[in-house]
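Student: please find the sequence and the predicted model below.
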Amino acid sequence: MRREDPETKKRDSGVSWENLCPLFVDRQAQFGQPGDASGDLSRPKGVATDRSGHVYVVDSMFHAFQIFDAAGELLFMLGSQGHDAGQFWLPTDIFIAADDSIYVSDSHNQRVQIFRYIGGEP
């Protein structure tokens, strides 16, 4: 039942996020550590996965995206700051399409770049 705060006149469901978390979230694992080397994370802005279970993380501080395996091991990193193909300037999100095409929103270059990961080592 929703309650109304008499001071703010805002409605409150009476259910807090802390109460809901144990019901809906069971953290399975995590990976990544702060730093400035390949495989580290500085300002991760978007995460996506492909059909093979690879985890893609776009990082605006590195102006790049990284591809990890499901265990968090770095497979590949692409990007640097700039305006050319494969370069980014504050990328903000990443999306993996059904055909595993990689779409990266490149905010300050005002574009979306499209890639395909075909395998390889970092």
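Tutor: Nice, thanks for sending it over.
Student: and the spatially closest residue to residue 53 that is not a sequence neighbour, helix, strand or coil?
Tutor: Spatial nearest neighbour of residue 53, chain neighbours left out: residue 70 (4.5 Å); criterion: CB to CB, 6 or more residues apart in numbering. No exception for glycine: its C-beta is placed from N, CA and C like everyone else's. Three-state assignment for residue 70 (DSSP: H, G, I helix; E, B strand; the rest coil): coil.
Student: what's around residue 74, how many residues?
Tutor: 18 (other CB atoms under 10 Å).
Student: quick one: pLDDT of the closest residue to it other than its chain neighbours?
Tutor: Distances taken as CB to CB, 6+ apart place residue 39 nearest to residue 74, at 3.8 Å, with adjacent residues excluded. Reading off the confidence values, residue 39 has pLDDT 90.
Student: how far does stretch 106-113 stretch from one end to the other?
Tutor: Taking CA to CA, to the nearest Å, the first and last residues of stretch 106-113 lie 7 Å apart.
Student: residues of that stretch that come out buried?
Tutor: 106, 109, 113 (16 or more other CB atoms under 10 Å).
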